[in-house]
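In: Could you work out the structure for the sequence below:
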Amino acid sequence: MLLAAIAVFLLIRSYGEALGSPSLVRQSGTPPAAEPAATTNPIFHVLLAMAAVIVTGRALGIVFTAIRQPPVIGEVLAGILLGPSLLGRIAPAASTYILPAHVAPLLNVVAQLGVILYMFIVGLELNVDRLRRRAHATILTSHASIIAPFVLGSILALYLYPRLATADVPFTSFALFMGVAMSITAFPVLARILADRRMTETELGVVALTCAAVDDVTAWCLLAFVVGVAEAKLHGAAVVALSTVGFIALMFLLVRPVIVRLVERDRRRNRAAPWRARLKASRDDEGARDVEGAADAVDSEVIAFALAGVLLSALTTELVGVHAIFGAFLFGAVIPHDSRLARTLTGTLKDLVTILLLPAFFAFAGMRTRIDLVSSSSDWLMCVLITLVAPVGKFGGSLIAARLTGMRLRDAAALGILMNTRGLMELIVLNIGLDLGVISPTLFTMMVLMALGTTMATTPFLEMLGTPCSELTPRRASN
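Out: Predicted coordinates:
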């Protein structure tokens, strides 16, 4: 299957390299906006933008939750609504005041930090043991759900490249990125949908979560290769790929054993320390409770080591030529997900990152999403085409592979629908493509609309399929 996909892509590449891209000038993605008359404090506008997106996003999240949609949809829309697409058209002065163009660099720094920490949390929650236990049933399904949309995205690039690519982007980079962007599944959003529908412990829910986790790992590896190709301009891409493979091997063969020993030593230390302190606190109920709480805590030195490791891992992949988020994700994946360290880091960081830092990313993405660029009927036709091709590849690949592994038709169709959730992960990938100049702001906007549309369609299509939670295949009891 992999060899067939590579052969098809090479055929697409041989034809696509002969195509010419339009003579477009690479755009930054940030809309030109009139600056305030007087120079203002940029920190003030960064804080204002984050506060505005948090409040608007939480309000829209409540609305979308009420209609059984993931609240992340409302948070993404908050950044778009406050940007040039809506507020910038009906109240340009207000939009410029909340999201002025001169604060984009500062907002981008906060956004990138939020995304790096978010991907670290995703890696922490990745259950590697579950991937091993269900490898026989999910490897085929998960990779088919990547290969099918990847090939369709590469074919679609033949049509989009002469119309939407910038003049200095080679077809190979463009086609590779389109394939990867079509292949993304948002593991956190999928997990939230399954939890809301009480499907997490069903056989279908477990398979869907496992497939999405494998998808994430594979997609980020593909993205690492695509970034290497795009940044090296095809020169030195092999070095980037080999360096990435070497870094992955280093993390699992050297760093993971060190972390496992560190986690075990911390567990033994925390188990022994309260025994002595409990003798002194036995007469004081409040003191005893404090000691019990200390027994469940992780040493601050261990937490500092873990956070420093995240930053160094992200820095390493950035230096190698791959985006920093891949290093953060990989470092989270090598920490045992059921350890006290992983639970402590997740509990400490999750609300801070998702509620405070990610809104900066949504605001920055909203500044770059310009629906006014999709103006002509041909533009909207291409947008509709992208929105149709993306779910066809995911749904078809997942459905066929799931049926081949023996899954019932209805459950296989539900799995194909679930794998089409994209959400935040897609936005992260699209922003990387826009930063690299691989995609234009117009295509960026089209792909954002596709990500929102396919994610919002997941719950309604599941309900149309007629699979109530009570009728889902129960998870088999293990021997």
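In: Secondary structure element holding the closest residue to residue 164 other than its chain neighbours?
Out: Excluding the flanking residues, the one nearest residue 164 by CB to CB, 6 or more residues apart in numbering is residue 443, at 4.5 Å. Any C-beta I mention is one placed from the backbone N, CA and C, and that applies to glycine too. Here residue 443 sits within helix 441-456, counting by DSSP states H and E.
In: Which of the helices or strands spans the nearest residue to residue 68 once chain neighbours are set aside?
Out: Closest residue to residue 68 in three dimensions, ignoring its sequence neighbours and counting by CB to CB, 6+ apart: residue 459, at 5.2 Å. If you go by DSSP H and E, residue 459 is part of helix 458-464.
In: and if you look at residue 73?
Out: Residue-wise, residue 73 maps onto helix 71-82 under DSSP H and E.
In: Show residues contacting that helix.
Out: Identification of contacts with helix 71-82 by CB atoms under 8 Å, 6 or more residues apart in numbering yields 49, 52-53, 56-65, 86-87, 95, 98-99, 188-189, 192, 358-359, 361-367, 369, 371, 423-424, 427, 448, 452, 455-456.
In: residue contacts, residue 195?
Out: So residue 195 contacts nothing (CB under 8 Å, 6+ apart).
In: Distance check, it against residue 360.
Out: For residue 195, the distance to residue 360 (CB to CB, to the nearest Å) stands at 26 Å.
In: my read: residue 54 touches residue 359, true?
Out: Yes - contact criterion CB atoms under 8 Å: residue 54 and residue 359 qualify, at 4.8 Å.
In: which one is residue 172 nearest to, not counting chain neighbours?
Out: The nearest residue in space to residue 172 (CB to CB, 6+ apart) is residue 13, at 5.7 Å.
In: mind checking the SS state of residue 185?
Out: coil (DSSP: H, G, I helix; E, B strand; the rest coil).
In: ok, now residue 168?
Out: Under three-state DSSP, residue 168 comes out as coil.
In: Check the contact between it and residue 438; I expect there is one.
Out: No - in this structure residue 168 lies outside contact range of residue 438 using CB under 8 Å: 10.2 Å.
In: give me the element the residue sitting nearest the centre point of the chain is part of.
Out: In the chain, the centroid-proximal residue (CA atoms, centre = their mean) is residue 425; its distance is 2.1 Å. Taking DSSP H and E as the criterion, residue 425 maps to helix 423-436.
In: Please name every helix or strand in contact with that helix.
Out: helix 71-82, helix 104-124, helix 171-183, helix 187-196, helix 203-232, helix 358-368, helix 441-456 (3 or more CB pairs under 8 Å, 6 or more residues apart in numbering; DSSP states H and E).
In: Output that helix as PDB, nothing but the C-alphas.
Out: What follows is helix 423-436, C-alpha atoms only, in PDB (Å, rounded to 0.1, in the frame of the first residue of the first chain):
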ATOM      1  CA  GLY A 423     -10.000  21.200  14.200                       C
ATOM      2  CA  LEU A 424      -7.000  22.700  15.900                       C
ATOM      3  CA  MET A 425      -4.400  20.300  14.600                       C
ATOM      4  CA  GLU A 426      -5.300  21.300  11.000                       C
ATOM      5  CA  LEU A 427      -4.900  25.000  11.900                       C
ATOM      6  CA  ILE A 428      -1.400  24.300  13.300                       C
ATOM      7  CA  VAL A 429      -0.400  22.600  10.100                       C
ATOM      8  CA  LEU A 430      -1.900  25.300   7.900                       C
ATOM      9  CA  ASN A 431      -0.100  28.000   9.800                       C
ATOM     10  CA  ILE A 432       3.200  26.200   9.300                       C
ATOM     11  CA  GLY A 433       2.500  26.000   5.600                       C
ATOM     12  CA  LEU A 434       1.700  29.700   5.500                       C
ATOM     13  CA  ASP A 435       4.800  30.600   7.400                       C
ATOM     14  CA  LEU A 436       6.900  28.600   5.000                       C
END
